[in-house]
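S.K.: Predicted model follows, preceded by the sequence.
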Amino acid sequence: MAKYPRIREQHIAVFGESGSGKTVLVSSFFGPTQEGSYSNDLWDLVADDTGQGNRLYQNYLGMRDRGRAPAPTRFAATTYYFSVKLKGGDNAAAKKRPFDALRLAWHDYPGEWFEESPSSEEEANRRVDTFRSLLRSDVALLLVDGQKLLDYAGEEERYLKSLLTNFRQGVLRLKDDLLDDEDRLVEFPRIWIMALSKADLFPDWDVYSFRDLVIERAASHLDDLRSTLKDFVDTPDALSVGEDFMLLSSAKFELSVAGAEPAEIDVTQRVGLDLILPVASMLPLERRVQWNERMEIPRKVLDTLADGAETVAGVLVGGKLLSVDKLLAKLPRVGPVVKVALPVLVAAAKMAGSQVREINSQARKDHDFLTATLTQFRLDLDQGVKDKLLIRSLK
């Protein structure tokens with residue numbers, strides 16, 4: 001029996017109002033990886049549900065070949081499962097790696113549920129159950145609709161206030177059912193990223209332009225949302241809300257003269273979607289180390305925060321899993337609080353870019369596809385910051 005599970009699972013929750021582009025985003029995340037011309041020397045991306053994958057690829061082909069955006073999906077709560085399947089399964093390095101696939105669970109929460117009250121008790125229960133299903137996510141994306149920002153040009157605070165207030169009130173409506181006699185939730189998304197969807201509508205913007213607009217026009221409402229979410233969680237200081245920002249665009253949409261339907265969709269001009277996997281897999285590990293250095297985190301919280309981070313960190317620093325095992329053996333398994341982070345976690349989170357590039361290069365030479373993939377994710381994350389597509393909190 002393998003000592004480690006062969007599949008490692010990460011969860012990401014995506015929130016946005018109706019029309020904010022959630023279905024287009026997930027279709028454009030998956031679709032390009034299925035084209036015959038697509039090439040990745042480290043891994044293949046597959047949809048765990050074939051029918052689901054076919055529908056997403058169909059959406060993508062409609063955009064690519066016919067300039068047709070996917071039809072809106074009203075009140076559809078969907079979780080998409082994608083597997084990043086590593087190559088080189090028969091080589092020597094593969095036999096030593098702790099897992100062969102990284103599974104991404106992408107939870108799409110219906111925007112209408114934050115805009116409209118439930119029509120029945122059954123729907124109210126469904127909303128609670130759906131939200132519970134995404135509590136395993138470390139990362140949540142809260143989409144700001146670029147088209148709405150254009151519609152409210154000069155009065156962006158009206159839209160941002162509405163978005164953040166509706167979301168806050170929607171979460172508050174779920175609070176009693178989610179807590180369900182618990183004082184606070186231990187497992188809960190701890191990193192809430194503000195993401196601009198349809199960023200192609202703002203060709204002159206970088207992520208700092210977006211961040212500055214949100215802070216200037218809606219800082220108090222962002223603070224209100226942060227305070228509300230803190231009321232849900234155990235160890236509320238281990239929570240980032242509105243401290244990380246990113247730009248996302250599924251394609252470049254050229255509108256027709258009438259403006260109702262796109263005249264052309266250029267799917268090659270995507271922004272930020274290649275950061276989804278690095279954000280989901282690397283950001284929780286970094287944040288866990290940051291928080292662990294400045295606060296005492298209860299073990300029950302740590303066990304749900306970036307679960308399995310020690311193994312991932314061991315791979316990042318060169319795949320020295322034996323060292324990780326020894327460090328884990330020295331960590332006390334009793335006591336309510338973890339006062340120090342494992343050295344391997346700190347080392348992985350704080351590696352300089354030059355070190356990561358060196359490990360990545362050597363891993364590729366050794367056909368160590370797992371180490372090469374994870375270090376590439378880290379390099380991609382750093383590049384996203386350099387390209388001003390991502391702001392990641394340093395707190």
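M.R.: Yep, that arrived.

S.K.: State the phi and psi torsions of the residue lying closest to Glu9 once chain neighbours are set aside.
M.R.: For Glu9, ignoring the flanking residues on the chain, the nearest one in space by C-beta to C-beta, 6 or more residues apart in numbering is Arg103 at 4.5 Å. (C-beta placed from N, C-alpha, C; glycine too.) Torsion angles at Arg103 (phi, psi; degrees, to the nearest 10) stand at phi -100, psi 130.

S.K.: State the number of residues packed around Arg103.
M.R.: Using other C-beta atoms under 10 Å, Arg103 is surrounded by 16 other residues.

S.K.: Report the contact partners of it.
M.R.: Neighbouring residues of Arg103 by C-beta atoms under 8 Å, 6 or more residues apart in numbering: Ile7, Arg8, Glu9, Gln10, Asp48, Tyr81, Phe82, Ser83, Val84.

S.K.: Pull out the buried positions in stretch 63-76.
M.R.: In terms of neighbour count (16 or more other C-beta atoms under 10 Å), stretch 63-76 has its buried residues at Met63, Arg64, Gly67, Ala69, Pro70.

S.K.: ok so, going back, what bridges to the residue nearest to Glu9?
M.R.: Under DSSP bridges, the beta-bridge partners of Arg103 are Glu9, Ser83.

S.K.: Report the separation between it and Arg378.
M.R.: For Arg103, the distance to Arg378 (C-beta to C-beta, to the nearest Å) stands at 19 Å.

S.K.: mind giving me a markdown table with the buried residues of stretch 63-76 and columns for distance to Pro203, secondary structure and pLDDT?
M.R.: Formatted as a markdown table, the buried residues of stretch 63-76 follow (distance: C-beta to C-beta, whole Å; DSSP: H, G, I helix; E, B strand; the rest coil; pLDDT from 0 to 100):
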| residue | distance to Pro203 | secondary structure | pLDDT |
| --- | --- | --- | --- |
| Met63 | 19 | helix | 93 |
| Arg64 | 21 | helix | 93 |
| Gly67 | 19 | coil | 88 |
| Ala69 | 19 | coil | 86 |
| Pro70 | 23 | coil | 87 |
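
S.K.: if we can go back for a sec, mark which of the contacts of Arg103 are buried, thanks.
M.R.: Arg8, Glu9, Gln10, Tyr81, Phe82, Ser83, Val84.

S.K.: so which strand or helix has Val46?
M.R.: The secondary structure element spanning Val46 is strand 43-47 (assigned by DSSP states H and E).

S.K.: in its sheet, what does that strand sit against?
M.R.: Take DSSP bridges as the rule and strand 43-47 pairs in its sheet with strand 78-86 (antiparallel).
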